[in-house]
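**Student:** This is a predicted model, with the sequence first.
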Amino acid sequence: METPYIVGVRFRPVGRVYHYDASCCRDVTAGDFVVVPSRRGTQIGEVVQTFETQPEPPEDGWRMVARRASGRDLTLRQLIRQRELQALLAAQQKARELKCADVKLVEAELSFDQRYLTFLYGVVGGAKADVRRLHGALARKFPRQQVELRRVGPRDVAKLLPGMGACGKAVRCCAEFLAEFNPVSIKMAKVQGISLTPSEITGACGRLRCCLVYEYEQYAEAAKHLPKRKKRVRTPLGEGKVIDVYPLKQTALVVLSDGTIQEFHQDELQRPEQATTPAQKG
């Protein structure tokens, strides 16, 4: 039996990668486009990944690539992108007419066979929103397609909208290369010594910045070898209290008993209970 030829296919820039069996066209490689079935009808996607070793198949088996995309397919894909923009503008106008102030429509996705039209939306403030009237109005406006409204989170909304990152980066990380979002916690900022001022740790989405994840593990590992803040330690200059730590430098800032502040390497620090005492004379 012939071994399946598995490829990773992406339908949108910086979108999630889906795996397909491309045995029908084994010469496709990264950068080529293929036509594939999906839950929302037939789609055209870009091959972004191939595998030297076949990954574990899903329980329901691999989905099959239908064929390599032709030049005509790619031309139609560009036309569909234009129709998506027109549909989004029309849907946003309809939302304003219906006074759906809390609903922010951010993208329209029209399947390659043009049977399914999906509108992605976020909700201002994260509250619940009744979109039944809007869905009915859009279904009537686009009778040739099966219309779906799909809610996405604040991070996904920010990913779809243009604009600079909170750090000043020309393109936000989520829009440039983050295909999926990892959980982010306030602990990650604390471990890295980042100011907890909201403007310092909050992204354009109103949530904690995704970049807090990038170096967290390195900081957390380095911090294991240092005493925690507010702990008392012994130093070559006497006992003191840790007021700050610099994990990547492997140093700590200590206020000594005379009020002076000194920076010490981890090798120069001991907890008071770890300090050795001279052997008593017999």
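**Tutor:** Looks like it came in fine.
**Student:** Going by C-alpha atoms from here, please, whenever you check contacts or count neighbours.
**Tutor:** Fine.
**Student:** What are the boundaries of the helices in the stretch 51-200 of the chain?
**Tutor:** Secondary structure of the stretch 51-200 of the chain (DSSP state H, counting those that start in this stretch): helices located at 71-97, 132-141, 154-160, 173-176, 186-191, 198-201.
**Student:** Now tell me what touches the second one from outside.
**Tutor:** It refers to helix 132-141. Contact with helix 132-141 is made by 91, 94-95, 98, 100, 145-149, as judged by Cα atoms under 8 Å, 6 or more residues apart in numbering.
**Student:** In strands only, show me those residues.
**Tutor:** Within these, residues falling in strands by DSSP state E are 146-149.
**Student:** Buried ones among the residues you listed?
**Tutor:** For the ones in strands among the contacts of helix 132-141, a burial check counting by 16 or more other Cα atoms under 10 Å picks out 147-149.
**Student:** would TSV of those residues with distance to residue 243 and pLDDT be doable?
**Tutor:** Below are these laid out as TSV (distance: Cα to Cα, whole Å; pLDDT from 0 to 100):
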residue	distance to residue 243	pLDDT
147	58	97
148	55	96
149	51	97
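**Student:** Out of the residues you listed, the closest to residue 252 would be?
**Tutor:** Compare each of these with residue 252 using Cα to Cα and the shortest gap goes to residue 149, at 52.6 Å.
**Student:** give the contact list for the residue nearest the centre of the chain.
**Tutor:** The chain has residue 181 as the residue nearest its centroid, 2.7 Å off, counting by Cα atoms, centre = their mean. If a contact means Cα under 8 Å, 6+ apart, then residue 181 has residue 210 as its contacts.
**Student:** The chain should start at 13 in everything you say after this.
**Tutor:** Understood, numbering begins at 13; the last thing we discussed is residue 193.
**Student:** Contact partners for residue 107?
**Tutor:** Neighbour list for residue 107: 113, 115, 146 [criterion: Cα under 8 Å, 6+ apart].
**Student:** Among those residues, which one has the most neighbours?
**Tutor:** Neighbour counts for the contacts of residue 107, by other Cα atoms under 10 Å, peak at residue 115, which reaches 23 neighbours.
**Student:** what's the farthest-apart pair in the contacts of helix 144-153?
**Tutor:** The most widely separated members of the contacts of helix 144-153 are 112 and 157, with 22.2 Å between them, by Cα to Cα.
**Student:** about what we covered before: make CSV from the contacts of helix 144-153 and add distance to residue 248 to it.
**Tutor:** Output for these, formatted as CSV (distance: Cα to Cα, whole Å):
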residue, distance to residue 248
103, 70
106, 72
107, 69
110, 72
112, 67
157, 76
158, 74
159, 72
160, 68
161, 66
